[in-house]
Structures are given as structure tokens and as C-alpha cells.
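A.B. asks: how would this look folded up:
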Amino acid sequence: MATISASASREGRSAILDRIFARIDSRRAELVDLAREMVRVPTVNPPGDAYAPCAELIGRRLAGRGFAVEYPRAVGTPGDSDRHPRVNVVARIEGRGPGACVHFNGHIDVVEAGRGWTVDPFAGLVRDGKLFGRGTSDMKGGLAAAIIAAESILEDGLPWRGAIEISGTADEETGGFGGVAWLAERGYFSKPRVDHVIIPEPLNVDRVCLGHRGVWWAEIEMQGRVAHGSMPFLGVSAIRGMAAFLAAVEAELYPKLDARRTRMPVEPAGARVSTLNFNSLHGGLDDSYQGLPSPLVAESCRLVLDRRFLLEESLDDVKREIADLLDRVTAARPGLAWSSRDIMTFHPTMTEPEAPVVRALDAAIGRVLGRAPAHIASPGTYDQKHVARIGHLRDCVAYGPGLLEIAHQPDEFIVIDDMMAAAKVMAAASLELLGA
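C.D. replies: You can find the predicted model right below:
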């Protein structure tokens, strides 16, 4: 960590923070307007609409405040095309000498609006102290707060060493392969370039998220033998085979998963166990047929499973317990076979509570909110997985002002007071990490 400058030491940390907090207070309307501008760019993923306009909105603003800005496109990653280019924005500004780098990373993509809205999801309506719109909570409001925090430090003129980086990245909602993963492979989230990473995901303004459970997504296919639907005894139904597998999961595997507990402080508390969800199921004729279906015994049945696993579990064991059930089901039904295809796998990750970025955020939350922070872990993954797995940078957490339970919901919103508080927390944590 950089040494504290002589002038900053004389003035005192408390006076510096009071001055920067006052700057943030004076920029409340500016913070709301910035978040609204981003919400009004409908960066829906899939397919990955309007990434370039949103990245450029952020980049132009930061370039005007002295940041060096680049727009790396993750060419060749899933979904990347000339129609939907995976464009990211990375901005960096240097202090008055060598020192640590604090990086704020926010994803710019949002999920589809869906049905059930009572307001325009991309208008950025302000009402009752809240900003409404798709992506307000997850996570354009948090990214806007990080930008205002960094700008307030710069405008203060306080001498500091090191660097501040801000990135707006693609595709977090679909795995982050065209965003943080691609950038991490190119050194954007590794030392010596970066030392500390804060991701403003919507995990509540008084909580520091240390990490997340692991995930294994896979497609399982049961393969049977086709026959005429009037003589099913001449075939082998893949649908019935899959039903037998699902029955075995219900009777045997779910009770085992429910009994497993983790030391990870996952919220909500119901996610402190191993979980398994079936995301989709399809058997028999492809849905694309026209007219009436034909009478066939299904020769194929496929499902996509979503297995969330704990620090205390190994991926090999997670896969083996599924394979053992499938083996037993197929062995009992001659002519039935199974195969699997991995879709996405990420191991659990958790930053230690004593890590510098955690300590800095804890102190900042205590000062700004006047209460002790909670340490949590996320039930689902986010881009910390790539920072840890590819960048090998462990001083990374999620901290942001949104509400997790509001994310992806109709009438998504963020509380403006929470954005203001988070901007102050991120500014104070940055100064601590920069040694300013």
C-alpha cells in the first residue's frame, strides 16, 4: 500500500472524508441522471444489444475527466458478431506516483424486461426516492455510484498514488465470457496492473459479499429406441427413462443435498445447502414440427441441470452422484443409455474476511452507515469467479447498493439514498486502499 502523503497526514483522514462526502452529496442529481442514462440504453442479453453505445456513454464521460479509455471487443466469444459485438470499456487514471490500483467493475448487460411491468422498463422513472428500470439494481445503479465516487476523489485534488480503474463489461448475465473472462485472460484483472477489485453487484448497501457457491450446468440426454406409438413395447422410451432418473433424484439425492451445510455465509440462508434445479426438459419430437405430432416412442429426452455446490464439495463428487443414478437407471432398462455435455462449470470462491479490500469496505460502511457490515456469500455466481480463476487475484469482493431480491424482477428499482451511501463507501474504501 502506498505511503500516506505528508499533506494528507497533516490534514487528517476524517476531514478529507467529510470533504469528499460533501462533494458526493452535492452530486445527487448527477448520480441519478448518470444511472438513468445507462438504463435508457437497453443492453438486453441475450442477444447483447447496444453494448457499444453503453460502453461509449461511460467512456466519453470518463475520458472527459482525464481517464485513458479503451474499448476492447471480445472477438470470437459466445454471441459476438458484427450485429452484437461484445464491446467492453476500461478506463484508467494514474495518481502522482506508483502505488496500488483499485478497480471498479460493473457489467453493462441486463436481462430481458419480461412481462408484469407497471412502468416503462427503459425510461428511468424517478418516483418516491427510487429509480425504476431494468438494470437499475443489477447493476447500472452500482456502476454509476462507483463512477461518482471516483470522480469526487479526483475533483477534490487530494494527492494520491497508484491508479483507479473503472470498467463496464459485457455478458455477465450469460457467464461473463465476453467480458471479465476475456479481459482477465489478457491481464486486465491481474497483478501488477490491478491490486483490488470491487464489483458493485446488488447485495445491499451494508453487506460485503466475499464470494459465491460453485455451479455445474450440464445437459443430460437419455437415449432409447424409436417405435410406433401404438406398440410401445417394441421400443425403449427415453422419456420414461428420464422419469425414472428424476424419481431417483427426488427420493435419494434431494434429501442428501438438503442435509449438506456450508461455512460460507450465503444469503438467503436457504442457499447454505447444496441445490439442484432442472432448468429445462424436452422429450420426443422436436418442437419445430408443423401440423400434428406423429405416434412415436421417444428415442431421446434431454434436460439441463443446474447444480450449485459448496466449498466443502468437490466437482468430481458432484458429477459422480449424478452419474451413479443414471448408471443404475439405465442398467435396469435394457436398450436405454445416457450421455452428458458440460455447459458451464465454476468452482466456489470466497475472499478471506481479513483481506485488504474487505477491511477497507468494512471500515467505510461503519463510518457512512453507522453500523457494522455483514459478510455474505452469493447463492449464484458473478464475475468474481473470473477474477479469481483466471486473474489469480484474490483481493476481490462484491459491494453495491442494489437489492438482490429486486434484480431481474418486474418494476426493478434502486433506492437513491442507497446509491448515495454506496458512493461514499466506495470513495472511503478507495482512499484507504490507495493510502491517500
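A.B. asks: Which residue ranges of the stretch 201-350 of the chain form strands?
C.D. replies: Under the criterion DSSP state E, counting those that start in this stretch, strands of the stretch 201-350 of the chain are mapped to 207-212, 214-223, 275-283, 300-309, 337-346, 349-350.
A.B. asks: what's near enough to touch Asp25?
C.D. replies: By CB atoms under 8 Å, 6 or more residues apart in numbering, the contact set of Asp25 is Met420. To be clear about C-beta, it is placed using only N, CA and C from the backbone, and glycine gets the same treatment.
A.B. asks: So it, which state does it fall into?
C.D. replies: Under DSSP: H, G, I helix; E, B strand; the rest coil, Asp25 falls in the helix class.
A.B. asks: on that earlier part again, out of the strands of the stretch 201-350 of the chain, which is the most enclosed?
C.D. replies: Mean neighbour count (mean count of other CB atoms under 10 Å) peaks for strand 207-212 among the strands of the stretch 201-350 of the chain, with a mean of 25.
A.B. asks: Check the burial of Val75 by counting its neighbours.
C.D. replies: Using other CB atoms under 10 Å, Val75 is surrounded by 11 other residues.
A.B. asks: mind listing what it touches?
C.D. replies: Contacts of Val75 by CB under 8 Å, 6+ apart are 85-86.
A.B. asks: Does anything pack onto the longest helix along the chain? Which helices or strands?
C.D. replies: Ranked by number of residues, the top helix in the chain under DSSP state H is helix 416-434. Applying 3 or more CB pairs under 8 Å, 6 or more residues apart in numbering; DSSP states H and E, one finds that helix 416-434 contacts helix 13-26, helix 28-39, strand 101-107, strand 130-132, helix 141-156, strand 196-199, helix 356-369.
A.B. asks: mind listing what's buried in the first one?
C.D. replies: Residues of helix 13-26 classed as buried: 16-17, 20-21, 23-24 (neighbour count, 16 or more other CB atoms under 10 Å).
A.B. asks: Kindly report the same for the longest one.
C.D. replies: By 16+ other CB under 10 Å, the buried positions in helix 141-156 come out as 141-153, 156.
A.B. asks: Now Ala244. Nearest residue, chain neighbours left out?
C.D. replies: Ranked by CB to CB, 6 or more residues apart in numbering and with sequence neighbours excluded, the top spatial neighbour of Ala244 is Val329, at 4.8 Å.
A.B. asks: show me the contacts for Ile390.
C.D. replies: Counting by CB under 8 Å, 6+ apart, Ile390 touches 181, 184-185, 189.
A.B. asks: Return the helix or strand in the chain with minimum mean pLDDT.
C.D. replies: Using mean pLDDT, DSSP states H and E, helix 6-11 stands out as the lowest-scoring helix or strand of the chain, at a mean of 50.
A.B. asks: just to confirm, which helix or strand has the residue nearest the centre of the chain in it?
C.D. replies: When CA atoms, centre = their mean is applied to the chain, the residue found nearest the centroid is Tyr382 (2.7 Å). Per DSSP states H and E, Tyr382 falls between elements, in no helix or strand.
A.B. asks: give me phi/psi at the nearest residue to it once chain neighbours are set aside?
C.D. replies: Nearest residue to Tyr382, sequence neighbours excluded (CB to CB, 6+ apart): Glu201, at 5.3 Å. The phi and psi values for Glu201, taken as degrees, to the nearest 10, are phi -70, psi 160.
A.B. asks: wait, isn't Glu201 in contact with Gly211?
C.D. replies: No: with contact defined as CB atoms under 8 Å, Glu201 does not reach Gly211; the gap is 11.6 Å.
A.B. asks: that's a helix at Asp82, yeah?
C.D. replies: No: with three-state DSSP as the criterion, Asp82 is coil rather than part of a helix.
A.B. asks: quick one: contacts for it?
C.D. replies: Per CB under 8 Å, 6+ apart, neighbours of Asp82: none.
A.B. asks: what does the one 10 residues further on give?
C.D. replies: Arg92 makes contact with 67-68, 101, 163-165 under the criterion CB under 8 Å, 6+ apart.
A.B. asks: Let me see the domain layout of the chain.
C.D. replies: 6-212+349-434, 214-346 (automatic domain parsing).
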